[in-house]
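S.K.: This is the structure alone, sequence omitted:
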């Protein structure tokens with residue numbers, strides 16, 4: 001009898017150890033993802049592909065990102081104060097010298113001033129040193145359902161935000177669709193890409209639609225990788241060119257940079273840095 005009890009004790013002890021060693025189960029995806037998947041299929045994505053992506057163990061709903069976007073306020077000028085220093089200007093000038101070949105190729109091809117490209121890279125990602133930690137798929141999938149009644153209720157979002165939530169969810173769904181279409185066409189892993197809490201990725205912090213429309217191969221290797229300096233530089237130049245940038249017409253600089261980020265403070269900072277470089 002005593003031997004049997006000892007065996008039971010050992011079994012329970014082993015099971016307890018095993019439970020501690022196993023990874024914790026992820027929270028189940030929100031029910032709202034069912035409708036989201038159907039919408040993506042209706043807009044042209046292959047159902048098997050959509051189901052496969054959403055079934056991936058790396059798929060995770062991001063409530064904190066949803067709340068941040070839901071209550072995001074208009075940016076203030078003080079967030080750009082850190083760029084108005086001699087140290088930042090010195091690093092930008094060094095970058096211009098280090099990547100002068102890639103910058104010249106982009107300038108020759110798109111007619112965009114190299115110093116403006118470097119100004120954008122400085123503000124967007126600290127010249128490629130800060131690109132974000134969030135899986136891009138998870139950001140857009142989470143935001144694409146932020147106007148769902150279940151999500152609003154579970155996250156305690158204010159009913160007064162209804163119009164904003166609907167607008168942002170529609171935007172996120174478009175970006176998610178573009179992102180998945182791009183990944184499938186290029187045979188890329190949708191969970192490979194990390195970016196900001198707003199879904200911007202790479203050294204140039206492009207959204208998926210910007211990647212699709214302006215992603216440029218700057219080093220001639222036959223692919224676009226926004227996490228390389230050559231491709232990020234050429235992609236920014238392509239974006240500014242499509243936004244009307246004319247190197248000999250300074251008035252077009254401000255308009256083109258504003259299209260990159262709809263913020264006067266952002267534009268002022270980029271153009272200030274360009275002047276310093």
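M.R.: Now that the structure is in, tell me what you want to look at. If you're wondering where the values come from, they're calculated on a predicted model, not measured in any experiment.
S.K.: thought residue 225 was touching residue 231?
M.R.: Yes: between residue 225 and residue 231 there is a contact under C-beta atoms under 8 Å: 5.0 Å. Quick note: C-beta positions are derived from backbone N, CA and C, even for glycine.
S.K.: Give me the more crowded residue out of the two.
M.R.: residue 231 (24 against 17; other C-beta atoms under 10 Å).
S.K.: Now do the phi/psi pair for the spatially closest residue to the more buried one that is not a sequence neighbour.
M.R.: Nearest non-adjacent residue to residue 231, counting by C-beta to C-beta, 6 or more residues apart in numbering: residue 218, 4.6 Å away. The phi/psi pair for residue 218 (degrees, to the nearest 10) reads phi -90, psi -20.
S.K.: neighbours of residue 218, just the number please.
M.R.: Neighbours of residue 218 (other C-beta under 10 Å): 25.
S.K.: Does it touch residue 106 like I think?
M.R.: Yes: assessed by C-beta under 8 Å, residue 218 is found in contact with residue 106 at 6.4 Å.
S.K.: okay, the residue lying closest to residue 111 once chain neighbours are set aside: pLDDT?
M.R.: Excluding the flanking residues, the one nearest residue 111 by C-beta to C-beta, 6+ apart is residue 247, at 5.2 Å. Residue 247 is assigned a predicted lDDT (pLDDT) of 93.
S.K.: separation between residue 247 and residue 112?
M.R.: 7 Å (C-beta to C-beta, to the nearest Å).
S.K.: For the stretch 51-200 of the chain, which segments count as helices?
M.R.: In the stretch 51-200 of the chain, the helices defined using DSSP state H, counting those that start in this stretch lie at 63-70, 86-98, 100-110, 114-125, 136-143, 149-155, 162-186.
S.K.: quick one: secondary structure of the residue nearest to residue 206 when sequence neighbours are not counted?
M.R.: Sequence neighbours aside, residue 226 is the residue nearest to residue 206 in space, at 5.8 Å (criterion: C-beta to C-beta, 6+ apart). When classified by DSSP: H, G, I helix; E, B strand; the rest coil, residue 226 comes out as coil.
S.K.: count of residues packed around residue 226?
M.R.: 24.
S.K.: correct me, but residue 267 touches residue 259?
M.R.: No: using C-beta under 8 Å as the test, residue 267 is too far from residue 259 to be in contact (9.6 Å).
S.K.: So for the two, which sits in the more crowded spot?
M.R.: residue 267 (20 against 15).
S.K.: which residues sit in contact with the more buried one?
M.R.: Contacts here follow C-beta atoms under 8 Å, 6 or more residues apart in numbering; on that basis residue 267 touches 254, 257-258, 261.
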